[in-house]
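Peer 1: need coordinates for the below:
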Amino acid sequence: MNTVENNNAKKVVDFMMEKDMFSKWLGITLIEIKEGYIKIQMTVRPEMINGLGTVHGGIAFSFADSAFAFACNNRNELSVALDTSINFIKSIHVGDELIAEAKEIHNGRSTGLYHITITNQNENIVAMFKGTCFRTNKALINQSSKSL
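Peer 2: A predicted model of the protein is given here:
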């Protein structure tokens with residue numbers, strides 16, 4: 001895995017991942033981190049499948065939501081979701097290797113807008129996610145104590 005990282009952004013994402021049990025359960029690995037940007041990966045497991053034999057929509061949403069959270073918080077400014085939406089384009093199956101790439105569209109003083117594209121191992125787009133965050137004006141990592 002080739003990883004290009006912005007050091008401060010990586011510190012914030014590492015801090016978040018340490019406490020993020022759900023992203024750990026998803027099996028998320030970090031590929032690339034820059035301010036306002038992240039690329040992450042995961043493999044779809046059998047316990048992620050719904051009764052129709054495809055991945056549960058909540059898994060794809062959660063995967064994109066994790067990318068959104070990492071991208072909008074990695075400048076160390078605590079940001080929370082205001083609005084999110086997802087479009088499911090192709091079905092996802094057990095064994096699929098998914099990549100979520102979050103790109104910052106707008107970095108405002110109080111809000112940010114992010115587009116997240118999820119692709120599979122064949123580079124097919126399987127879902128598109130859009131998220132708007134609210135910036136709280138608080139540090140995620142307290143610089144003196146390295147905690148919230």
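Peer 1: only alpha carbons, please: show the longest helix seen in the chain as PDB.
Peer 2: Longest helix in the chain, counting residues (DSSP state H): helix 57-73. The C-alpha coordinates for helix 57-73 follow below in PDB (Å, rounded to 0.1, in the frame of the first residue of the first chain):
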ATOM      1  CA  GLY A  57     -26.900  -0.400   2.500                       C
ATOM      2  CA  GLY A  58     -25.800   0.700   6.000                       C
ATOM      3  CA  ILE A  59     -22.400  -0.800   5.400                       C
ATOM      4  CA  ALA A  60     -21.700   1.300   2.300                       C
ATOM      5  CA  PHE A  61     -23.200   4.300   4.000                       C
ATOM      6  CA  SER A  62     -21.100   3.800   7.100                       C
ATOM      7  CA  PHE A  63     -17.900   3.300   5.000                       C
ATOM      8  CA  ALA A  64     -18.500   6.600   3.200                       C
ATOM      9  CA  ASP A  65     -19.500   8.300   6.500                       C
ATOM     10  CA  SER A  66     -16.200   7.300   8.000                       C
ATOM     11  CA  ALA A  67     -14.300   8.700   5.100                       C
ATOM     12  CA  PHE A  68     -16.400  11.900   5.400                       C
ATOM     13  CA  ALA A  69     -15.600  12.200   9.200                       C
ATOM     14  CA  PHE A  70     -11.900  11.600   8.600                       C
ATOM     15  CA  ALA A  71     -11.700  14.200   5.800                       C
ATOM     16  CA  CYS A  72     -13.700  17.000   7.500                       C
ATOM     17  CA  ASN A  73     -12.000  16.600  10.900                       C
END
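Peer 1: what about the helix or strand just after it, average pLDDT?
Peer 2: Per DSSP states H and E, the first helix or strand lying C-terminal to helix 57-73 is strand 77-88. Mean per-residue pLDDT for strand 77-88: 97.
Peer 1: host element of the nearest residue to Ala69 once chain neighbours are set aside?
Peer 2: In this structure, Ala69 finds its nearest non-sequential neighbour in Met16, 7.0 Å apart by Cβ to Cβ, 6 or more residues apart in numbering. Glycine gets a C-beta too; all of them are placed from N, C-alpha and C. Element membership for Met16 (DSSP H and E) is helix 7-19.
Peer 1: which SSE is immediately downstream of that helix?
Peer 2: Next along the chain from helix 7-19, counting by DSSP H and E, comes helix 21-26.
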